[in-house]
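S.K.: What would the 3D arrangement of this be:
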Amino acid sequence: MKKRVLVLCTGNSCRSQIAEGYLKHFAPKQVEIYSAGVETHGVNPKAIAIMKEDGIDISHHTSNNVEEYKHLDFDFIITVCDNAKERCPFFPSGAKKFHCNFPDPAKALGNEDEIMAEFRRVRNMIKEYCRNFVSDNLN
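M.R.: Predicted coordinates:
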């Protein structure tokens, strides 16, 4: 039976999209990875760009609301921001919950180079977290 992982964030635009991309990259093919937000803000173009730099295409991802997945039984739910953790709806399943509050790169200030540097910094944090999550829970 396939394991299912849901990555949950506030707007499903940056952090959860990056995590979905890396989890799909690192996880065995029999694992289903989903991402959603307690709101939907669209996939951030800067998140798409910095993932492309690392060889992962998330340009086809969509921004989904967590309500769309209430009918699915998840094995793992990962919240990637405190707001999502606090607002995460109840899922009637035995899902193991994980949490890591990553900084929101969409809130970075400065010139374009400084903003992109923050996106890359957060991307690298999420990449390492996802690599470890897969190694510890999905292999």
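S.K.: count of neighbours near H71?
M.R.: Summarising burial for H71: neighbours were counted as other Cβ atoms under 10 Å, giving 7. For glycine as for every other residue, the C-beta is placed from the backbone atoms N, C-alpha and C.
S.K.: Point out the other elements, helices or strands, that the strand or helix carrying M51 touches.
M.R.: Counting by DSSP states H and E, the element that carries M51 is helix 45-53. Helix 45-53 makes packing contacts with helix 15-26, helix 112-137 when contacts are defined by 3 or more Cβ pairs under 8 Å, 6 or more residues apart in numbering; DSSP states H and E.
S.K.: for the residue of the chain lying at maximal distance from its centre, what are its contacts?
M.R.: Note on the chain: the largest C-alpha distance from the chain mean falls to N111, namely 25.4 Å (Cα atoms, centre = their mean). N111 is in contact with no residue at all, counting by Cβ atoms under 8 Å, 6 or more residues apart in numbering.
S.K.: Quick check, pLDDT for it.
M.R.: With respect to pLDDT, N111 has a value of 98.
S.K.: Isn't P105 up against Q17?
M.R.: No: taking contacts as Cβ atoms under 8 Å, P105 lies outside contact range of Q17: 11.0 Å.
S.K.: Quick check: the gap between E67 and I50.
M.R.: Between E67 and I50 the distance, using Cβ to Cβ, to the nearest Å, works out to 28 Å.
S.K.: In terms of packing, which of those two has more residues around it?
M.R.: When E67 and I50 are compared for neighbours, I50 comes out ahead with 24 against 10, by other Cβ under 10 Å.
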